[in-house]
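[1] starting from these lines, generate the structure:
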Amino acid sequence: MQTKRSTLILTLLGVLLLFPAAGSAQDLMEGFKLHLDTSSDDFVYYNLSENREVTTQEAAFGSWDVAFQGTTVKFNGPSQLLAAAYDAVEEAPAEGFATSEDGTSELPTDAETRWFNYDFNTHIISAKPDRTAIFQTKNGHWGKLNITDYYKTVFGQDPIPRMLSFRWSVQKDGSTSLK
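    Predicted structure coming up:
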């Protein structure tokens, strides 16, 4: 009896491995970047699929997904900023994406819809937790990105600005599913 049960379990596992669910979590590449230094006056380019900063030369050949310059966020493809928490965004919308003539896009910077709040009294920038950027990579894969912090905080020191932390997900199978 034990042998039949073991054989049945192994057979079922084999079938599941042969036919994975479409759009499953295994097709979603996720990452978190802590303290990307964007203090330069130039854009800092980041390749999400390789989870690394890319050089200006690599960026010139299109090897980037997102770029940062202070509070400006640019994507190497269409994007839009949703007023939704990162975990609540499960699929890329069908419409509403912005793209410039060169194929890139920037997140809005107006006070109502941008990804951050700015306190005019303290001059503190704080990330809005309910803002998630949806974008399409140069390879046609959909993703989402949420900036979690603008500062690097070191115990006993003033916070260091323009040290962005963010989390992201990119769907590797080409679907619009982001969960």
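
[2] show residues contacting stretch 93-101.
    Contacts with stretch 93-101, where a contact means Cβ atoms under 8 Å, 6 or more residues apart in numbering, come from 77, 78, 79, 80, 82, 105, 106, 134, 136, 176. (Glycine included, C-beta is placed from N, CA and C.)

[3] out of these, what pair is the most spread apart?
    Farthest pair in those (Cβ to Cβ) is 106 and 176. Separation: 21.7 Å.

[4] on that earlier part again, secondary structure added to the contacts of stretch 93-101, as TSV?
    Output for those, formatted as TSV (DSSP: H, G, I helix; E, B strand; the rest coil):
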residue	secondary structure
77	coil
78	coil
79	strand
80	strand
82	strand
105	strand
106	strand
134	strand
136	strand
176	coil
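
[5] among those, name the buried ones.
    Among the contacts of stretch 93-101, those scoring as buried are 77, 78, 79, 80, 82, 105, 134, 136 (criterion: 16 or more other Cβ atoms under 10 Å).

[6] which among the residues you listed gets closest to residue 36?
    Taking Cβ to Cβ as the measure, residue 36 lies nearest residue 79 of the buried ones among the contacts of stretch 93-101, at 17.7 Å.

[7] can you tell me how far that closest one is from residue 168?
    12 Å (Cβ to Cβ, to the nearest Å).

[8] quick one on the thing from earlier: and which of the contacts of stretch 93-101 is nearest residue 157?
    Among the contacts of stretch 93-101, residue 106 lies closest to residue 157 (Cβ to Cβ), at 31.5 Å.

[9] you'd agree the closest one is up against residue 71?
    No: in this structure, residue 106 is not within contact of residue 71 by Cβ atoms under 8 Å, at 10.7 Å.

[10] could you point out the helix or strand that follows the helix or strand bottoming out on mean pLDDT in the chain?
    Least confident helix or strand, the chain: helix 2-18 with a mean of 39, by mean pLDDT, DSSP states H and E. Downstream of helix 2-18, the next assigned helix or strand under DSSP states H and E is strand 28-37.

[11] helices and strands around the helix or strand that comes right after that following strand, which ones?
    Note on strand 28-37: by DSSP H and E, the next helix or strand toward the C-terminus is strand 44-47. On a contact count with 3 or more Cβ pairs under 8 Å, 6 or more residues apart in numbering; DSSP states H and E, strand 44-47 meets strand 28-37, strand 52-54, helix 56-60, strand 66-69.
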